[in-house]
Structure formats: C-alpha cells, structure tokens
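Predicted structure and sequence below. I'll ask about it afterward.
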Amino acid sequence: MRLTRIEMENFKGIGERQSIDLKPITLLFGANSAGKSTVLQALHYVREILERGNPDPDQTIAGGLIDLGGFATLVHNHDLNRAITIKLVLDLSGDRGSERLPLNSGESLREPEFEDLAVRYLVGNNTELEDDSVVKSCGVTLEVRWSDLLSGPYVSRLAVDLDGEHVASIISPAQAGRALVTDFNFTHPLLQRIVDPADAVEVADVADLALVDAAGGSDDDDPMVSPLAVEIWELSREVASQQASDPPRLAIEGVSDANPEVSDVQNPEFLLRCATKVGALPDLNRSLWIDLVDVDFNTVVQTARPLVEQGVRYISEESEAARAVEEANTELRRREGLSRLIDEVLLGPVKICRDHLHEMTYVGPLREIPRRSFRPRLSPDDSRWAQGLAAWDLLYTDASGKLLERVNDWLAGDGKLGTGYRLEKFAFKEVPVPGRFHQIFERGLNAEDLGELQELFASLEARTEIALRDFHKGIIVAPSDVGVGISQMIPVIVACVRESDGILAVEQPELHVHPAIQVGLGDLFIEAIQPNEARIGTGKSLLIETHSEHIMLRLLRRIREKSEGELPPSVRGLMPDDLSVVYVEGSSDGVRFVPLRIAEDGDFLDRWPKGFFEERAEELF
C-alpha cells in the first residue's frame, strides 16, 4: 500500500487546487519558505483529524517542531470564509482480504442480495474476473470549514472514491446530529452486477433493474445495474431531500396493502443520519449505521400484531402474524446487509487512510544528539522520531542486534555511506557511591568478603550505552564527541532500514553531511523502498524535503545505469516510475508544484524551472 497522490485547496500558501503525484521516492525541492513543508503538514493535519477528530490542532501527534497553529493559521490567507480541502489517494494493490477493507475478500457480505455484485464476488471463484473483484485504490476527501456558531472549525464534508470513481459523501452543517449520507454514485462498477459470459447467466427483466437517476428518469438500457443500487439510491435521495427534523418513514409492506383502512400505520423511523458528534466525520471505531437504522425486529412485530388482534378482515390471524414476522425478518436482514455494505464502501477507505497515516514516520530537520546519560524509552513513542531520539530508543532496545547490524552495514559498509564509523553497544554495571560495595573496598578486602561481593555484584543493575568506533583512530567515542553530521544521519539510517512500511517523511536528510556521503543516501533511499522477507508489504514510501543536488544526481544515475545494464555489483537500480522530483515555487498567487518528468536515461524530460539549482550553472559558467 502506498500514498500515490495528494490534492490540496486553500491550505497554507495553496489557494487554487494543487495536485501532487507521489512515487515510492518523492523529492521536494525549492527555495526556503517556498512551501515544501506544506505537503508534510497536510499529511499531519489529516492524521490529526482522522486519528484524534481534531480539525483545529497546534501541536501534533508527530511531535517535534510541527506546530500547525490551528485552522485560522492553516487556511489560505487566514480567510475564515474559505474551506480547506485535502484529498489523499492510496494504492491498495496486493491488499486483498485486509481487515481494513473486507470487501476485497468478499467474506463479510453474505446476504443473497450481494451475490452478483462486483463488491461481493470472490476472486477465487473465477480468476478471469479478478480485475473486477478487487479494489485497487481508494481516495478520501476532507473539507473543513469555520463555524461562527462553534467558534471553531468542523469537517463539513467527507467523500470517498474507489478505483478512481466517486462512491458517496457525508455532509453536515455545524450542528450535532445533522450529518447525512448522500451523493451516491450507483453507476460505480462495484455496485454493478457481474455477468460471466462463460456461465451464460440470463439477465433479469430490464424493467426490474432500472436505475432511477437524479432527474427522475430511468436508465432502462443498462441491464448491469443491480436492484440493490436502486434501493440504496432511493433511500439516500429521500433523506437528502428532507430536513433532519423531518425524517422519512417507511410503511410496513404488506399490512397496508392487505387492509386499506389501516394504510396510515407506519413503522418506527428509518433514519439515514450518521452518528457524528458535530460535522461529517463519523466515529471510525463503530459502525456508521448504528444510529441510522432504527428498526428493531420486536418493534416491527409489535407494530403489526395489534392489527391482527383487532380482527383485520380478508386475512386470517395465523397467516397475518406469520407474514408480519417473515417480512420483519427479511427487512432486518436487508437493512443489516445494506449497513455492512455502506460501512465497507464508506468507512473502510477512511479507516485505511487513518491507519496508513498512523504508521507514518516523520524525521524532522533537527535531530537531537543523545546525551552521555541517555536512557531509552521502553514504550514506543512516535513523537520522538521528529527529534531522532526514537531511532536511538530502537537501537538501545534491539535485543537481537539485527537492527544494529543493518545500520552498521550502511554506516561503514563498502560502497555505501563509508563514514569510517560503526556503532557498538556496551553493557556495564555501576557501583553506587557511597554504598556497601564501595565501603568494602574502602576498608580493604579480606577472604571473608568474597561471598558478599559476589552477591552485591549480582544485585547491581546493568546499563547499556551505544558509542561509535572510529576506524581511523581506533578509539571509541560518544555520539556527542563526533561531527554533527554523523549524529544527524543515524536517525535517517535507522528509519530507512527498520522493519516497518508506510510513509517515511524526512526533512533535510543531508544536514551537516559531506557531499560524498549525501550521494550514498540516494542508495539508502532505494533500499528503503524495497519489500523484503521481513516486511510483508510494498516497502516504504519516501517523502524527502531536501536541498541536496547530490542525492538527486545519485538517484538519476541509478536510473540510467539500470536502463543501460551498467549497475555495479550488489547495487540496486531505479525505474523512472519509482522517482518523482517536484519543484515547489512560491509566488503572489500562491504555492505551485512543478513535477519534472524523468526519462529512462536518467535525464529530465522537462526543463528545470527558474531557480532550480541555477546557482550551480552561474558559478560554473
């Protein structure tokens, strides 16, 4: 799973909608304060909304120097009449059967109504229909507005795409209990009937499959439309067209037809509201339709039974009771199936987006150097990645030593970063002064002290420290005793080689690093995006904000070498589709993102924008 696109409107320096296509490695270049950090901040903002339900954050989950300053600071030109819109698109290839998107396995929708829908079809039944049966991408759009009533922002709209086509939206004013599911797209392929020509399935009567469109007409020429799509659309249209204070009602089918004298009897309210506190963002940890479907089996039966007890004419008591129970049971089953379907096509993608952002690792531009008395955090704390300290936490608590080995391979390995240093872990015990251990040595040892000394030594707590071995001088030094560049680079290396997928966002990885080592970072980034045996997934997605021409040149070189078959031994190559180079430029009209296309020979197809490393040309020529 990878984040493949982000769209933004009215966010920070961005006014009109801007779209950025992201690749496994995306490099963001640009002048200082041009808006490179806007992309990273947009991801932090969406994470705050989806994970903590907070559209007005200052300090974020990511920690560090990320202080968003709240909605009033984030909205373009600080204009509270504007709405911030951010859309994220994720590639779900290979994510079949995930608990986050059960519809990719088809196991959660067992009702007969779903058997012929694309959303329900099991891939294992017919490999020829595999492309029609698995969701390959999802998109989630958040619209955030300011409310004078709330004196704060709220999510006014949440929209979901599947495979590049809109599915539905949740909209709400700045009030509690007013959120509505609306804007269904029932021409979406997932809501169509799959017809396998090999099975010679007879298509049902076209009139029964007609899709009523928003204008009130019908599409009788499309026999692939499912009746279920018509039902969902009609329910959505009814509710969206009424005020929340006047919800629609659904008559008990059969009872009113049997006796016109009681045709005004209605069942309990059938609500299509979302269970949200305020705004359009639902609780992602519960079913979307818990508060939407207020139809209880016993309540429906109790509603029908008085008609029977009053001696309704034309039908017997037994047949009416049985009919009412069967209809109620069928209705509830259809409602529950419908609820699960809506949960999957609406909440499923939002949960995927939330979980993917939760796994994001953010390494800030200023990484702390661990002190001599450094004590690692035993409980993981993602906010410590921003200052780089989470990397040291992992190194200290790496019981197997595998992480330390991988870091040293890049730190000192041949043909890699070649820093001349490697990390070494030392365990030792400290003798407290004053204390019994110390007192025995102060007065002098005798033979009777050996047993007590053994007990005292065993009781001393062991402590671990990580230091750097300087190969050139043959000495051990603390991280604070070497050049700043080495200590700044170690968190970046750990973040790249640790067994974790998801987004890795790094600001200024080249900080205080020699150009000869910067080019090596390019190879490290190529390694980070590779899936391996230890990681079940597609590898990391790197989002790098940088000023380093050397990192970019190494990546372009690996593209050229791979296309020409000239890669050095044990060196990984790169494809043009694996790299995105984006130039960020600011102007009076707002931030603009300029993608630079890359050819197979590792050269740019587009001309560099003005200011893109133009200093190099000026100094050389």
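Nice, thanks for sending it over.

Residue 463 contacts residue 429, doesn't it?
Yes - contact status for residue 463 versus residue 429: in contact at 7.1 Å, counting by C-beta atoms under 8 Å. Every residue, glycine included, has its C-beta placed from N, CA and C.

Could I get the full set of strands for the stretch 1-150 of the chain?
2-9, 18-21, 25-30, 84-91, 137-147 (DSSP state E, counting those that start in this stretch).

Setting the sequence-adjacent residues aside, check what's closest to residue 392.
residue 370 (5.0 Å; C-beta to C-beta, 6 or more residues apart in numbering).

Backbone dihedrals for that neighbour, both of them.
phi -60, psi 140 (degrees, to the nearest 10).

Then residue 455?
phi -70, psi -40.

What number of neighbouring residues does it come out with?
9 (other C-beta atoms under 10 Å).

helix, strand or coil for the residue lying closest to residue 449 once chain neighbours are set aside?
Nearest residue to residue 449, sequence neighbours excluded (C-beta to C-beta, 6+ apart): residue 440, at 5.4 Å. Here residue 440 is recorded as helix under DSSP: H, G, I helix; E, B strand; the rest coil.

Now do residue 440 against residue 280, distance only.
Here residue 440 is placed at a distance of 71 Å from residue 280 (C-beta to C-beta, to the nearest Å).

Give me the more crowded residue out of the two.
For residue 440 versus residue 280, neighbours defined as other C-beta under 10 Å are more numerous around residue 280 (24 against 15).

I would like the residues contacting stretch 412-424, please.
Stretch 412-424 is contacted by residues 395, 404, 407-411, 466-472, 476, 482, 486, 489-490, 493, 516-517, 520-521, 523-524, 568, 570-571 when judged by C-beta atoms under 8 Å, 6 or more residues apart in numbering.

Same check on stretch 21-30?
With C-beta under 8 Å, 6+ apart as the contact definition, stretch 21-30 has outside contacts at 2-6, 20, 36, 39, 525-526, 529, 539-547, 551-552, 555, 574, 577-586, 595, 612.

The same query, at a cut-off of 6 Å, please.
3-5, 36, 525, 529, 541-545, 552, 578-584 (C-beta atoms under 6 Å, 6 or more residues apart in numbering).

related to what we said a few turns ago, between the strands of the stretch 1-150 of the chain, which one is nearest to residue 446?
Among the strands of the stretch 1-150 of the chain, strand 25-30 comes nearest to residue 446, with 67.2 Å by C-beta to C-beta.

In CSV, could you pull the C-alpha coordinates for that closest one?
Output in CSV follows, covering the C-alpha atoms of strand 25-30 (Å, rounded to 0.1, in the frame of the first residue of the first chain):
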residue,chain,number,x,y,z
ILE,A,25,10.6,8.2,-3.7
THR,A,26,9.4,11.8,-3.9
LEU,A,27,11.9,14.6,-3.6
LEU,A,28,10.6,18.1,-2.8
PHE,A,29,13.0,20.9,-3.9
GLY,A,30,12.5,24.6,-3.6
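
Give me the pLDDT value at the residue nearest to residue 449.
On the pLDDT scale, residue 440 is placed at 81.

That one touches residue 451, doesn't it?
No - assessed by C-beta atoms under 6 Å, residue 440 is found out of contact with residue 451, at 11.5 Å.

Output the below-cut-off pLDDT ranges for the protein.
Within the chain, the stretches with pLDDT under 70 are 64-65, 94-134, 186, 191-273, 289-338, 532-537, 610-621.

Where do the domain boundaries of this protein fall?
92-358, 378-500 (automatic domain parsing).

Quick one: end-to-end distance for the shortest one.
Using C-alpha to C-alpha, to the nearest Å, the gap from the first to the last residue of domain 378-500 comes to 18 Å.

Please apply the same query to the first one.
Taking C-alpha to C-alpha, the span from the opening residue of domain 92-358 to its closing residue is 16 Å.

same thing with stretch 432-445?
First-to-last distance for stretch 432-445 - C-alpha to C-alpha - comes to 18 Å.

Just the residues contacting that stretch, thanks.
Residues contacting stretch 432-445 (C-beta under 6 Å, 6+ apart): 431, 449, 456.

Can you get me a residue count around the residue nearest to residue 392?
23.

again with residue 548
Residue 548 has 21 nearby residues by other C-beta under 10 Å.

Please list all residues in contact with it.
With C-beta under 6 Å, 6+ apart, residue 548 has these contacts: 510, 518.

For residue 578, which non-adjacent residue is spatially closest?
residue 24 (4.8 Å).

meant to ask about residue 598
residue 576 (4.5 Å).

Next one: that neighbour relative to residue 557, how far apart?
13 Å.

what do you get for residue 488?
Distance from residue 488 to residue 557, by C-beta to C-beta: 24 Å.

Of those two, give the one with the bigger neighbour count.
Per other C-beta under 10 Å, whichever of residue 488 and residue 557 has more neighbours is residue 488, with 22 against 18.

buried set for whichever strand or helix holds the more buried one?
With elements taken from DSSP states H and E, the one containing residue 488 is helix 484-497. The neighbour-count check on helix 484-497 (16 or more other C-beta atoms under 10 Å) flags 486, 487, 488, 489, 490, 491, 492, 493, 494, 495, 496, 497 as buried.

From residue 414, how far out is the fifth one?
Using C-beta to C-beta, residue 490 is found at 19 Å from residue 414.

Now stretch 18-36: buried residues?
So stretch 18-36, judged by 16+ other C-beta under 10 Å, has buried residues 18, 20, 22-30, 34-36.

Ok, stretch 507-525 next?
507-511, 513, 517-525.

Which of those fall in strands?
residue 507 (DSSP state E).

in the stretch 251-400 of the chain, which spans are helices?
255-258, 297-309, 317-342, 348-358, 389-396 (DSSP state H, counting those that start in this stretch).

and residue 161, what element?
strand 152-162.

partners of that strand in the sheet?
strand 137-147 (antiparallel), strand 165-171 (antiparallel) (DSSP bridges).

residues of it that come out buried?
153, 154, 155, 156, 157, 158, 159, 160, 161, 162.

Please convert those residues to JSON lines, extending it with distance to residue 171.
As requested, these are exported to JSON lines (distance: C-beta to C-beta, whole Å):
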{"residue": "153", "distance to residue 171": "16"}
{"residue": "154", "distance to residue 171": "12"}
{"residue": "155", "distance to residue 171": "10"}
{"residue": "156", "distance to residue 171": "7"}
{"residue": "157", "distance to residue 171": "5"}
{"residue": "158", "distance to residue 171": "8"}
{"residue": "159", "distance to residue 171": "9"}
{"residue": "160", "distance to residue 171": "13"}
{"residue": "161", "distance to residue 171": "16"}
{"residue": "162", "distance to residue 171": "19"}
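
And the furthest pair within these?
Among these, 153 and 162 lie farthest apart (C-beta to C-beta), at 27.3 Å.

Of all the strands paired with strand 152-162, which one comes closest to residue 503?
strand 137-147 (14.7 Å).

List of residues touching that closest one?
So strand 137-147 is in contact with 55, 80, 83-92, 153-157, 159, 161-163, 174, 349-350, 353, going by C-beta under 6 Å, 6+ apart.
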